[in-house]
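Enquirer: next come a sequence and a model predicted from it.
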Amino acid sequence: MHIGIIGLGLIGGSIAKAIKRVHVQNSYIIGYDTNAADLHSAYDEGMIDFMATDLKSGFSNCSVVFICTPVTTIKSVVTELLPYLPNDCILTDVGSTKYHIMQELEPMISTDSKRIYYVGGHPMTGSEKFGYSASSAHLFENAYYMLTPLGDTPDFILFILQKLIERMGGIPLILSATYHDYVTANISHLPHIIASSLVHLVKENDGDASYLHTLAAGGFKDLTRIASSNPDIWTSICLTNKAQIQRVFSGYLVILQNFLNCLEKDSEKELYSFFNTARLYRNTFSEGASTDLSKHYALHIDAKDEPGIIAKIATSLSDHHINIKNLSVMSDREFDVGVIKILFGTKTDLLLATEILSQHHYTLYY
């Protein structure tokens, strides 16, 4: 199977590595990136088989092409690429917004002379780091990978993509483009805006002594870690999902205003209900923690999804008398690196666990 990957950054590079890791149907990968260093790195590591120097060469025999560029550039990439794609090629992207770009692309895709299938894609995994150097063969393991097909997409096309994603380790979900954008505005886009706004708040409120900067730790750092993500990508996301972000943001402002009203009234009952309702709902999330996570120290492990891997890690820590507060396999990791997340009760346990697991050559983030 000839597979094209346009853009070899965090996601594109990880797709190449994941496909090569599982030897998908004797895959032959054509890679293209405007960053020559990333392109050559992928080729030198054997993650791609052919370095395309432009969009006109190398993609004419592809069964599937992944477009791994910012959302605002997808249309121009598709426009340039389409004349050189073979009939019945599956074209998909990895952008964080879907409705806007799919509305633009739908009238362009298939013509009387050529049939191309376009399926929007969005892997719910990633990192605040970016570029090919941050890519990983295990990035998609146990991560949701959303697909947003056009209305006339045949079932067999979706089947091909679903199976490819499953081979890469992902969990495919099929949604409409509109609902996808509403979902991601709630659980991804608005949280990122909030994280960035909190950082702005601390920056603006800090004094010459920089006490806020010095003391910002624990829960604040956990809550705002995603504010370190690529600003180019997030500018693109906000501009292409404007309507849904505005819709969700308006609801969020109502919640904040209601909270301020409770505070103004000194309403202990309503304030308690505000926090307790959130606590109870938060504790139903699949991560499974039943206590305040901000009091814990988190370690993310980029480990291969294989039988016994959790037992190996847990045993290594248990042998050194390190107590694990919570352990979970991450399925929605758009901003979280690592397949496995472990929570420790003390910083000492976190640092010791990091030292021990590093000796076993796991890739760790904390």
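Expert: Nice, I can see it. Numbering: from 1, shown residues only.

Enquirer: how near is the residue nearest to residue 252 when sequence neighbours are not counted to residue 298?
Expert: If the residues on either side of it in the chain are set aside, residue 252 comes closest to residue 190, at 6.2 Å by CB to CB, 6 or more residues apart in numbering. (Each C-beta comes from the backbone N, C-alpha and C, glycine too.) Distance of residue 190 to residue 298, given as CB to CB, to the nearest Å: 22 Å.

Enquirer: touching, residue 54 and residue 33? I think so.
Expert: No: using CB atoms under 8 Å, residue 54 is not in contact with residue 33; the gap is 11.3 Å.

Enquirer: which residue of the two possesses the greater neighbour count?
Expert: residue 33 (24 against 12; other CB atoms under 10 Å).

Enquirer: dump the residue contacts of that one.
Expert: The neighbourhood of residue 33, defined by CB atoms under 8 Å, 6 or more residues apart in numbering, consists of 6, 7, 8, 9, 12, 39, 42, 132.

Enquirer: just those residues: which are in strands?
Expert: Counting by DSSP state E, the contacts of residue 33 place residue 6 in strands.

Enquirer: between the contacts of residue 33, which sits nearest residue 63?
Expert: residue 6 (14.8 Å; CB to CB).

Enquirer: ok, the closest one to residue 86 distance?
Expert: Residue 6 is 16 Å from residue 86, by CB to CB.

Enquirer: which residues in the protein form strands?
Expert: Under DSSP E, the chain gives strands at 2-6, 28-32, 50-51, 64-67, 90-93, 117-123, 144-149, 171-174, 297-302, 324-329, 340-344, 363-365.

Enquirer: closest to residue 213 out of those strands?
Expert: Taking these one by one with CB to CB, strand 297-302 is closest: 20.6 Å.

Enquirer: so which bits of that closest one are buried?
Expert: 297, 298, 299, 300, 301, 302 (16 or more other CB atoms under 10 Å).

Enquirer: grab the nearest non-local neighbour of the last one.
Expert: Sequence neighbours aside, residue 363 is the residue nearest to residue 302 in space, at 3.9 Å (criterion: CB to CB, 6+ apart).

Enquirer: rewinding a little: export the strands of the chain to a markdown table and tack on distance to residue 103?
Expert: As requested, the strands of the chain are exported to a markdown table (distance: least, CB to CB, whole Å):
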| stretch | distance to residue 103 |
| --- | --- |
| strand 2-6 | 21 |
| strand 28-32 | 25 |
| strand 50-51 | 32 |
| strand 64-67 | 16 |
| strand 90-93 | 13 |
| strand 117-123 | 11 |
| strand 144-149 | 11 |
| strand 171-174 | 18 |
| strand 297-302 | 36 |
| strand 324-329 | 35 |
| strand 340-344 | 36 |
| strand 363-365 | 37 |
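
Enquirer: where does the chain dip in pLDDT?
Expert: Where the chain drops to pLDDT under 70, the residues are 112, 128, 286-296, 330-338, 366.

Enquirer: tell me how it divides into domains.
Expert: 2-175, 180-285, 297-365 (the TED database).

Enquirer: distance from the shortest one to the middle of the chain?
Expert: Relative to the centre of its chain, domain 297-365 is centred 20 Å away, using CA atoms, centre = their mean, to the nearest Å.

Enquirer: separation between residue 20 and residue 45?
Expert: From residue 20 to residue 45 the distance is 9 Å (CB to CB).

Enquirer: and the two? which has more neighbours close in?
Expert: Neighbour totals were compared for residue 20 and residue 45, and residue 20 leads with 18 against 13 (other CB under 10 Å).

Enquirer: from the buried residues of strand 297-302, which is closest to residue 76?
Expert: residue 302 (33.0 Å).

Enquirer: which ones are touching the closest one?
Expert: 136, 138, 139, 337, 338, 339, 362, 363, 364, 365.

Enquirer: over to residue 47?
Expert: 13, 16, 17, 20, 29, 31.

Enquirer: any idea which of the strands of the chain gets closest to residue 309?
Expert: Of those, nearest to residue 309 by CB to CB is strand 340-344, at 7.7 Å.

Enquirer: check the burial of residue 30 by counting its neighbours.
Expert: Using other CB under 10 Å: residue 30 sits among 21 other residues.

Enquirer: nearest to residue 78, of the contacts of residue 47?
Expert: Nearest member of those to residue 78, counting by CB to CB, is residue 31, at 17.3 Å.

Enquirer: quick one: residues contacting that closest one.
Expert: Residue 31 neighbours (CB under 8 Å, 6+ apart): 4-5, 8, 12, 16, 39, 42-43, 47-48, 50-52.

Enquirer: quick one, helices of the protein?
Expert: Along the chain, counting by DSSP state H, helices occupy 10-22, 36-44, 71-81, 99-109, 155-167, 177-184, 190-205, 211-215, 219-224, 231-240, 242-264, 268-282, 309-318, 347-359.

Enquirer: next, the angle from the second one to strand 28-32.
Expert: Between the axes of helix 36-44 and strand 28-32, defined by axes from the mean of the first three to the mean of the last three CA atoms, to 10 degrees, the angle is 170 degrees.

Enquirer: what helices or strands is helix 36-44 leaning on?
Expert: helix 10-22, strand 28-32, strand 50-51 (3 or more CB pairs under 8 Å, 6 or more residues apart in numbering; DSSP states H and E).
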